[in-house]
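Q: predicted coordinates and the sequence they were generated for:
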Amino acid sequence: MVRAEPDPPKWGQDNAEPWIQALLPMPVERIAAAGGSVLLVGGDPGLVALRLNSAAVRVGLYAQKWWGAKPVLVDETLVALPWARLPDDLGAAKIMMQHLIDAAIVARKARFFTCERCELPRPPEWLHANRLGPKPCQMCGFDTP
Ligand SMILES: [Zn+2]
């Protein structure tokens with residue numbers, strides 16, 4: 001019995017990145033990573049992080065920790081989607097990706113806290129540490145003498 005080779009997937013890192021980028025919240029930061037993979041971060045503060053490589057696109061929450069004063073991105077992948085699982089049809093592929101991106105954004109925003117000074121929703125890594133009492137964000141916390 002002869003089994004035909006499957007067709008190569010229509011979508012891959014090179015031809016999908018432009019339209020995937022356009023689905024992300026602005027601004028989009030593009031970081032070329034080791035091994036030819038690409039990291040796309042959407043939003044400021046960051047909301048969603050996508051990692052694209054030759055095999056798959058990984059959709060994850062933007063999550064950041066502090067390494068001293070240096071922000072470090074933490075990998076919180078929600079789903080790793082092999083390129084072959086994206087529909088060939090561009091419209092359907094975009095809708096599918098948009099749902100995955102939106103899911104990551106919802107999960108990320110659910111972690112925000114409300115600053116007790118400026119009363120703005122702020123990402124968890126902006127919580128001003130080393131303080132008792134009210135919870136200010138770093139913008140407000142740094143004003144304190
Ligand atoms: Zn604040």
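A: Yes, it's here.

Q: up against the ion, what does the protein have?
A: Residues of the chain lying close to the ion by C-beta under 5 Å from the ion are 115, 117-118, 137, 140. All C-beta atoms are positioned from the backbone trio N, CA, C, and that covers glycine.

Q: would you mind listing which of the residues you listed are buried?
A: 115, 117, 137, 140 (16 or more other C-beta atoms under 10 Å).

Q: farthest pair within the residues you listed?
A: By the measure C-beta to C-beta, R117 and C137 form the most distant pair in those, at 7.3 Å.

Q: now tabulate the residues of the chain next to the ion in CSV and tack on pLDDT.
A: Output for the residues of the chain next to the ion, formatted as CSV (pLDDT from 0 to 100):
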residue, pLDDT
C115, 92
R117, 89
C118, 92
C137, 90
C140, 87
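
Q: heading C-terminal from the longest helix seen in the chain, find the next helix or strand.
A: Scanning the chain for the longest helix, with DSSP state H as the assignment, gives helix 90-109. Next along the chain after helix 90-109, taking DSSP states H and E as the criterion, comes strand 113-114.

Q: I would like the residues contacting that next one, please.
A: Where contact means C-beta atoms under 8 Å, 6 or more residues apart in numbering, the residues beyond strand 113-114 that reach it are 120-122, 124, 127, 135, 137.

Q: one step back: reformat the buried ones among the residues of the chain next to the ion as CSV; add secondary structure.
A: Converted to CSV, those look like this (DSSP: H, G, I helix; E, B strand; the rest coil):
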residue, secondary structure
C115, coil
R117, coil
C137, strand
C140, helix
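
Q: for these, which one is nearest N53?
A: Comparing those against N53 with C-beta to C-beta places C137 closest, at 34.7 Å.

Q: the closest one is in contact with C118, isn't it?
A: Yes. With contact defined as C-beta atoms under 8 Å, C137 counts as touching C118 (6.6 Å).

Q: chain center to the longest helix of the chain, what's the gap?
A: How far helix 90-109 lies from its chain's middle: 11 Å, per C-alpha atoms, centre = their mean, to the nearest Å.
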